[in-house]
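Asker: Predicted model and sequence below, questions to follow.
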Amino acid sequence: MKAMADWRLRWPRVVQAFRDSSGRGPRHTFFYPIEQYDADVIGLLAEICRATGSEVEVHLHHEGDTAASLEKRLREGVEALAGHGLLSRSHTGEPIYGFIHGNWALDHSHPEGKHCGVADELAVLRRTGCYADFTLPSAPDPTQTRKINGIYYAKEDGLAKSHERGVDVAVGSTSALVDSADHLLLVQGPLGLNWRWRKRGVFPRIENGDLTRANPPTMNRFQLWTHLCPRVDGGPPWVFVKLHTHGGISRNYDMLLGEAALIFHRDLAAAAGGNIRYHYVTAREMVNLIHAAESGVTDGPAEQLNFRYPAPV
């Protein structure tokens, strides 16, 4: 509860202190571990989200499941979050969600078979209302896919790690996959080598979009993110920068709510202008922008934040 108290006190101050190119403050998406459901914690999260424009999506650690037991876990967890007024809803009123897999083992992808158990997990996610997965990148973990720096539809093939490959999102050619029962949208974050920040002054560090106390956001990293992160093929010149952190660990959220992040937001604002515009978005809003670009929309991103999936009520 201390973490929640800190977020409740400090995050609104960060949101109020900065504005992006469309006049919005920073956004955060809390991927809540549904196997640790706590009504009091979720109530505080809902309060924080209402005050800051942030949102909650689904995180799950599990092991040794079957498709049936996993589906039960997901449906119960999703309904619990939706009961607090969190999560978007489909046009039929059913709750829908973004997902991050615990221990990165999406679709039974760990080479030792740990942390999952369900080789057709992508199909289970789709059946239970998942609109996109945000698990990757996971490097240097062995669950990392060969496909990197992509936004793509992965087809469930009944085998482990179906998301090893997929069809890149593109204008005019992938819109039919949006509602496909056996395809899931995956939104990857940056993965590459940072040659400007080296171990022992020699070896390049891995850039995987993780924000920690030891590796806070900087403009140096921002330049690398914009180089590595994906765009929609044939779409507007929007770069989709997805970052992540473990927001329940004090050393990480102290960084995110403290001076290191404040400096980054200030530097980002100072660098904006001309051809450089930036927009703070939640995970859901990012997916809406992806689908807007995929559909050939040319309006500014600020007008497309609810393009397909509405904001939680």
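Answerer: Great, that's in hand.
Asker: now the strands for the stretch 201-313 of the chain?
Answerer: Taking DSSP state E, counting those that start in this stretch to define them, one finds strands in the stretch 201-313 of the chain at 203-207.
Asker: ranges for the helices of it?
Answerer: 219-228, 250-257, 259-271, 283-294 (DSSP state H, counting those that start in this stretch).
Asker: quick one: which of these is nearest residue 64?
Answerer: Checking the helices of the stretch 201-313 of the chain against residue 64 by C-beta to C-beta gives helix 283-294 as the closest, at 27.7 Å. (C-beta placed from N, C-alpha, C; glycine too.)
Asker: contacts for the closest one?
Answerer: 27, 29, 31, 55, 57, 88, 98, 131-132, 134, 151, 169-171, 174-175, 178, 185, 187, 231-232, 235-236, 238, 240, 242, 281, 299, 301, 304-309, 311 (C-beta atoms under 8 Å, 6 or more residues apart in numbering).
Asker: Let's have the helices of the stretch 201-313 of the chain in JSON lines, adding distance to residue 8, mean pLDDT and mean neighbour count.
Answerer: Output for the helices of the stretch 201-313 of the chain, formatted as JSON lines (distance: least, C-beta to C-beta, whole Å; pLDDT from 0 to 100; neighbours: other C-beta atoms under 10 Å):
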{"stretch": "helix 219-228", "distance to residue 8": "28", "mean pLDDT": "96", "mean neighbour count": "16"}
{"stretch": "helix 250-257", "distance to residue 8": "11", "mean pLDDT": "95", "mean neighbour count": "18"}
{"stretch": "helix 259-271", "distance to residue 8": "17", "mean pLDDT": "96", "mean neighbour count": "15"}
{"stretch": "helix 283-294", "distance to residue 8": "21", "mean pLDDT": "98", "mean neighbour count": "24"}
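Asker: Distance to residue 126 added to those, as TSV?
Answerer: Formatted as TSV, those follow (distance: least, C-beta to C-beta, whole Å):
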stretch	distance to residue 126
helix 219-228	28
helix 250-257	31
helix 259-271	35
helix 283-294	14
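Asker: how far away is residue 278 from residue 151?
Answerer: Using C-beta to C-beta, to the nearest Å, we find residue 278 at a distance of 18 Å from residue 151.
Asker: quick revisit: can you tell me which of the helices of the stretch 201-313 of the chain is nearest to residue 213?
Answerer: Closest of the helices of the stretch 201-313 of the chain to residue 213 is helix 250-257, at 4.3 Å (criterion: C-beta to C-beta).
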